[in-house]
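> Mind looking at a prediction? Sequence and model below.
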Amino acid sequence: MSSELPRSEVLRSGSSGLTPKPLSPFLCPGSSQPVSRSIHLARLNAAWPDCDQCEWRHDTEGLAEKTVTTTDRIRDQRSTGIQRTEFGIRGQYINDLDRRTTSELARLFCYCLNDSLKPQDSSETVALPAGPSRLSQPIGLRASGPVEKTPPAMEVSLARLSPLVVGYDGRSSSPDIFVGVSAAAREFGLPIIDIGRCTAASLQEAARTQPDCCGAMFVTGAGSPVSWTGLDVLDAAGDPIPVVWKDFGVRLQHVSVESPDSSDGIGSAGNGVDDRLAELLHRMRSENRREEKRDTAFGSHLRLLLPPLEKRSGWMARLSRHSGTHQMLDFEDSYRQWLCRWYPERQTLRIQVRSDDVLVQQRVAWLAEHTELELIGRSVHDHTTLPACQITITIEEDDRTFTIENAFGEKIGGDRLAAMINVAIHSQASQVTAHTDQASGRFWLTDSGRHGSGRKDAIVATEHVRDALAVLGLMCRLMLAGRMTLQA
């Protein structure tokens, strides 16, 4: 019997004096053999689709910054599926959400919105006609066994239908989607109040001021890439509408993207990677990802899996045989006058407002002109430092979300800002209080003494104001009165 060892055993034992070469850690998804770093960078440079799910996709050292930005944008636009958000849905324009698909989902939201309202006159109610997908037999005569769940018939009052406020944001895809959404709401039977181009805050204010308004629909892609669009649905109080998706045949798929810092498979014995090399690569990768401010690349979301087109016919139920009315309303002037009431007439403060929304920038310029305030509008990407600037507010695409910085560039958190406002107005005869939610990051003002909206229902007797510019005006008043300061 020969006593010679195979070549692989000689290299592993080191008896030949050779140093074993560690295997490459770059193992592409679906592959059984790792690739070299040069191939890894080449595939990243070419925006290879499998790199979207690779744990090494952020190891881009050696690529130009412009190339990394381009591939990240391609990766974002390549994401497929309709995502469920807190207030509605998001998806790629045309690929996932076109006019037809969004109008069908808008009709579904109208169903749930109207179903959440209590009948105003129980003596004049009627059940919605069952769609083709519903069983026509009475409940007691239905066959036993599993049946497909469909929306139950709901009772609604036909004596008075509550209007729905609709609007859209400044994205290029929003006007096209808005046509389908407004038509679907009218076909469902709801009268709509069309305020046109607006923001989330002004839409919510319009819903508060319209008598007997049932809610609002906002065509927006806020919080998503530029090529995306979406639909937000709010009730009269500005809260999201609950939807039982399974009742409409819609399945929710939980999509989770593993955070890179939580991966513990690098340097395991199965990969055959040298421990020191794995530790070094893991540290480099973690540092690179801390520098990248792309929190949306990680975490999880819910994806909507819609039923086939033939099974969506049950969503076509209507409240009546007649379509709802379409009323145009120029609400921008009324909204700006409402904003003026939050601001002092004169002030010595210098305020910088950062926003990429053209409509928000126009409002800032209008406020500076009509209130003689020193409000300076800038883009979010304009990081020019302005001297003697006491407040810097950055307003997101959803103008209900914002961040506040003081004169030293220190960010003021939502909890701290709410505490400052509540302490400052505690000694005043004011019914306005500030609140924040750490889970959702929302900040809002509660005005329990506002009675000028003309509403009769007790649901919105207490106004919830989620508006960055309104919060800024209240801060200016308190700071000029000497009751509030943003200094540490």
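Arrived safely, thanks for sending. Residues are numbered from 1 along each chain as shown.
> what ranges do the helices span in this structure?
For the chain, helices defined by DSSP state H occupy the ranges 7-13, 37-45, 65-78, 99-115, 174-188, 200-209, 275-291, 332-340, 358-371, 414-424, 468-480.
> Is it possible to get a markdown table of those helices that adds mean neighbour count?
For glycine as for every other residue, the C-beta is placed from the backbone atoms N, C-alpha and C. Shown next, in a markdown table, are the helices of the chain (neighbours: other Cβ atoms under 10 Å):
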| stretch | mean neighbour count |
| --- | --- |
| helix 7-13 | 11 |
| helix 37-45 | 17 |
| helix 65-78 | 14 |
| helix 99-115 | 22 |
| helix 174-188 | 21 |
| helix 200-209 | 24 |
| helix 275-291 | 14 |
| helix 332-340 | 16 |
| helix 358-371 | 17 |
| helix 414-424 | 17 |
| helix 468-480 | 22 |
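> Make CSV from the ones you listed and add mean pLDDT and distance to Leu302 to it.
Listed next are the helices of the chain as CSV, based on pLDDT from 0 to 100; distance: least, Cβ to Cβ, whole Å:
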stretch, mean pLDDT, distance to Leu302
helix 7-13, 45, 48
helix 37-45, 84, 29
helix 65-78, 75, 18
helix 99-115, 92, 14
helix 174-188, 96, 20
helix 200-209, 94, 21
helix 275-291, 49, 24
helix 332-340, 95, 33
helix 358-371, 93, 29
helix 414-424, 93, 25
helix 468-480, 93, 27
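> do you know which of these lies nearest Arg57?
helix 37-45 (6.8 Å; Cβ to Cβ).
> re the thing from before, in CSV: the helices of the chain, plus distance to Arg400.
Shown next, in CSV, are the helices of the chain (distance: least, Cβ to Cβ, whole Å):
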stretch, distance to Arg400
helix 7-13, 62
helix 37-45, 37
helix 65-78, 23
helix 99-115, 19
helix 174-188, 17
helix 200-209, 5
helix 275-291, 28
helix 332-340, 14
helix 358-371, 12
helix 414-424, 12
helix 468-480, 7
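> Would you tell me which of those gets closest to Pro307?
Here helix 99-115 is closest among the helices of the chain (Cβ to Cβ), at 10.4 Å.
> just so I know, which of the helices of the chain lies nearest Tyr93?
Here helix 174-188 is closest among the helices of the chain (Cβ to Cβ), at 7.6 Å.
> residues in contact with the closest one?
Contacts with helix 174-188, where a contact means Cβ atoms under 8 Å, 6 or more residues apart in numbering, come from 93, 97, 99-100, 102-104, 106-107, 110-111, 114, 164, 166-168, 192, 194, 217, 219-221, 229, 231, 317-319, 323-326.
> Strands of the stretch 351-488 of the chain, residue ranges please.
374-378, 391-395, 402-405, 411-412, 432-437, 442-447, 463-465 (DSSP state E, counting those that start in this stretch).
> Ranked by average pLDDT, which of the ones you listed falls at the bottom?
Lowest mean pLDDT within these: strand 463-465, a mean of 84.
> partners of it in the sheet?
On the basis of DSSP bridges, the sheet neighbours of strand 463-465 come out as strand 442-447 (antiparallel).
> May I have the strand it pairs with as PDB, with CA atoms only?
Extracted C-alpha coordinates of strand 442-447, given in PDB (Å, rounded to 0.1, in the frame of the first residue of the first chain):
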ATOM      1  CA  ARG A 442     -45.100  61.100  13.600                       C
ATOM      2  CA  PHE A 443     -45.500  64.500  15.200                       C
ATOM      3  CA  TRP A 444     -48.800  66.300  15.600                       C
ATOM      4  CA  LEU A 445     -50.500  69.100  17.400                       C
ATOM      5  CA  THR A 446     -53.900  68.700  19.100                       C
ATOM      6  CA  ASP A 447     -56.300  71.600  19.000                       C
END
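> Run through who's touching it.
400-402, 414, 417-418, 431-437, 462-467, 470-471, 474.
> Can you report how many residues neighbour the residue lying closest to Gln33 once chain neighbours are set aside?
With sequence-adjacent residues excluded and distances taken as Cβ to Cβ, 6 or more residues apart in numbering, Gln33 is closest to Leu27, at 7.7 Å. Neighbours of Leu27 under the rule other Cβ atoms under 10 Å: 19.
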